[in-house]
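> Structure of the sequence below:
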Amino acid sequence: MRIERIILKNYRQFRDVGISFRKTSQHDLHIFIGAIGTGKTNFLNAINWCLYGEEPYLTKENQQLPILNLKTIEEAEDGEDKEVIVELWIETNDEGRVIFTRKMKLRVYRGISEPQVQDTLFEVKISDSKGNIKLLKDEDALDFVERFVPKRIREFFFFDGERLDRYFREATGPNVRHAISVISQKELIDRVHERIEAIRKEWEKEAGRANPQIEEIRRHLRFAQIIADFKIMWSFIVLWTKKLT
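All right, here's what the predicted structure looks like:
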C-alpha cells in the first residue's frame, strides 16, 4: 500500500491543505523539510488521528492548544459549529483505493477557550478496480483499520524520526506477533474450528443414540486404524534395520 493523498481541514495549523503524493517510480520517497514548528510532526499526528483517533506525537506546546485551527476559532461566531476533517487516501496492491475519513464537530464559544466537541464520525470507503464502493462505519470501520494497519504496530509505519528512542522501545516483538494474529484472523479460525469440533461430537452422540450399531462400527474403525498405523511403523523399522545391517 502507499499513501496517495491526504486532506486536512481545520486540523491544528493546517486550515485547508491537500497534498497528493505523485507516484514517480516503483519505490517512492517523499521528504518533508521545514523549520521547527511548521507542522512536520503534526502532519504525522494527523495520519494517526485519522486512523486511530489519537495524536501520539504532540509536543507539550501543542497539548495546550485545541485541535481546531486557531484562525478558524478566531473567525467563528459565538456558538458556531466548525469541523475538523482529516482524510487519508490509500492505494492498495490490487489497484483499489481505501479512503479513511475522520470528522469532529466542535462548537466555538467566546467565553470558553476550548471549543466543545459536539459529534465525531469515522468511516472507511473501499473501492475496487471496477469502481464498486463499500462504506464502513462505526465498529466495522474500526475493525477494518485494525486489520489494515493494526494500532499496536503503527510505529513501524508512522513514526517520528526525531523520537527514534520511543520507536525502538515500543515497536517490540510481542506487538508484531499480536498484529500478525489480528491480520491473519487466527483467533477467529480457532473459534470456528472449536465450534465445528463441538458440533461434530454432538452429532456423533446423536447418531449413537439413534443407532447403537454406529458406535460399535466406530470402535472397529478406530481399532483398524491403530493396526494400520502399527503395520506402517513396523515396516519402517524393518526397512531401517536392513539399511543398518
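> so what pLDDT did Ala46 get?
For Ala46, the pLDDT comes out at 94.
> Where does Arg15 sit: helix, strand or coil?
Per DSSP: H, G, I helix; E, B strand; the rest coil, the secondary structure class of Arg15 is strand.
> Next, work out how far apart it and Glu75 are.
10 Å (C-beta to C-beta, to the nearest Å). Any C-beta I mention is one placed from the backbone N, CA and C, and that applies to glycine too.
> Mind jotting down where the helices sit in this protein?
40-52, 60-63, 70-75, 138-148, 164-170, 173-184, 186-210, 212-244 (DSSP state H).
> For stretch 64-81, list the C-alpha coordinates in PDB.
Output of stretch 64-81 as PDB, limited to C-alpha atoms (Å, rounded to 0.1, in the frame of the first residue of the first chain):
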ATOM      1  CA  GLN A  64      -2.200  23.100  25.400                       C
ATOM      2  CA  LEU A  65      -3.800  24.100  22.100                       C
ATOM      3  CA  PRO A  66      -7.200  23.000  20.700                       C
ATOM      4  CA  ILE A  67      -7.300  20.600  17.800                       C
ATOM      5  CA  LEU A  68      -9.400  23.100  15.900                       C
ATOM      6  CA  ASN A  69      -7.400  25.600  13.800                       C
ATOM      7  CA  LEU A  70      -6.800  28.800  15.800                       C
ATOM      8  CA  LYS A  71      -7.600  31.100  12.900                       C
ATOM      9  CA  THR A  72     -10.900  29.300  12.400                       C
ATOM     10  CA  ILE A  73     -11.700  29.700  16.100                       C
ATOM     11  CA  GLU A  74     -10.900  33.400  15.900                       C
ATOM     12  CA  GLU A  75     -13.200  34.000  12.900                       C
ATOM     13  CA  ALA A  76     -16.100  31.800  14.200                       C
ATOM     14  CA  GLU A  77     -19.300  33.400  15.600                       C
ATOM     15  CA  ASP A  78     -20.300  32.700  19.200                       C
ATOM     16  CA  GLY A  79     -21.900  29.300  19.300                       C
ATOM     17  CA  GLU A  80     -21.000  28.400  15.700                       C
ATOM     18  CA  ASP A  81     -20.100  24.800  14.800                       C
END
